[in-house]
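**Q** Pasting the sequence and the predicted model now:
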Amino acid sequence: MPSPSPPDILHSFRTYHPTHSGSLYPPLQRAGVLVPLKIGDDGEVYVLLTLRSNKLRKHGGEVALPGGKVDPSDRDIYATAKREAWEEIGLPPDSVEILTTLHNTVSRFNVLVTPVVALVPLDFVPTPNHDEVAECFSVPLRRFVMDVDRTHVDIMWEGVPYRAHSFMYKGYKIWGMTATIVIEAARVAYGDTAFELNAPGQLPPEKSIEHFEETGWFSKNKL
């Protein structure tokens, strides 16, 4: 089967409408991250990632997507994701095309995160804010449906099985919530993964968050 073209991939994102859950999470425990996609000169679709500064108290030295907590001045979650990308990597908010959102996910610090997928200009060159970001790099999005330099570990999280994936790419370790998000983005673009995605008995993303809400997990673990 031929690989989808960039126009086909963009169409897949524009027509992707995930089920969102997490209505009980208070605003101060929400965050938005941008999933910045760029079409390379080679016709490949790339995702831009950051290596967070070691100066940061949380997630220092980890690979991440641009993003952060909702600010009271943010109009919506799209504004949050675009504002954070502007602050972290110098991406002008009015230069991106919002394509879709992905499923909400919960960070290990109990923040409900909404990934916002956006197309960035061809000529965009990141300018990292070194107080937050040590460097920026790009990875072919298709890499995250391939079983290449990938490992996983199955864990129990609040009584629910969960498979945590980790990828190595040019010396960078892409794991945790970032890996979860970029895998979903890659599946929207390219279809199913070449590896077993979920642990036995793992709940779908929206059902996992509903489980957390039903058990009162988020209210017991407020920041």
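**A** Nice, I can see it. Just so you know, these numbers come straight off a predicted model, no measurement behind them. Residues are numbered from 1 along each chain as shown.
**Q** going forward, measure contacts and count neighbours with C-alpha atoms only.
**A** Fine.
**Q** wait, what's in contact with the residue most central in space within the chain?
**A** Centrality entry for the chain: nearest residue to the mean C-alpha point is residue 181, 3.5 Å, by CA atoms, centre = their mean. Applying CA atoms under 8 Å, 6 or more residues apart in numbering to residue 181 gives the contacts 102, 115.
**Q** Distance-wise, check it relative to residue 115.
**A** Shown here: residue 181 relative to residue 115, a distance of 7 Å by CA to CA, to the nearest Å.
**Q** Now the common contact residues for these two.
**A** Taking CA under 8 Å, 6+ apart as the contact rule, the neighbours common to residue 181 and residue 115 are residue 102.
**Q** Mind exporting the C-alpha coordinates of the longest helix belonging to the chain to CSV?
**A** Secondary structure of the chain per DSSP state H: the longest helix is helix 176-190. Taking Å, rounded to 0.1, in the frame of the first residue of the first chain, the C-alpha atoms of helix 176-190 are listed here in CSV:
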residue,chain,number,x,y,z
GLY,A,176,6.2,9.1,28.5
MET,A,177,3.3,11.4,27.6
THR,A,178,5.2,12.8,24.7
ALA,A,179,5.5,9.4,23.1
THR,A,180,1.8,8.7,23.7
ILE,A,181,0.8,11.9,21.9
VAL,A,182,3.1,11.5,18.9
ILE,A,183,2.1,7.9,18.5
GLU,A,184,-1.6,9.0,18.2
ALA,A,185,-0.6,11.7,15.7
ALA,A,186,1.3,9.2,13.7
ARG,A,187,-1.6,6.8,13.7
VAL,A,188,-3.9,9.5,12.4
ALA,A,189,-1.4,10.1,9.6
TYR,A,190,-0.2,6.6,8.7
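**Q** for the record, mean pLDDT for whichever helix or strand comes after it?
**A** In the C-terminal direction, the helix or strand that comes right after helix 176-190 (DSSP states H and E) is helix 205-215. Per-region confidence: helix 205-215 scores 81 on mean pLDDT.
**Q** in this structure, which spans are strands?
**A** 30-39, 45-52, 63-64, 67-69, 97-101, 105-106, 112-119, 133-140, 150-157, 160-169, 172-175 (DSSP state E).
**Q** any idea how far stretch 110-129 is from the chain center?
**A** Its chain's average C-alpha position is 9 Å from that of stretch 110-129, according to CA atoms, centre = their mean, to the nearest Å.
**Q** Renumber starting at 26 from here on
**A** Fine by me, first position is 26 from now on; the one you just mentioned is stretch 135-154.
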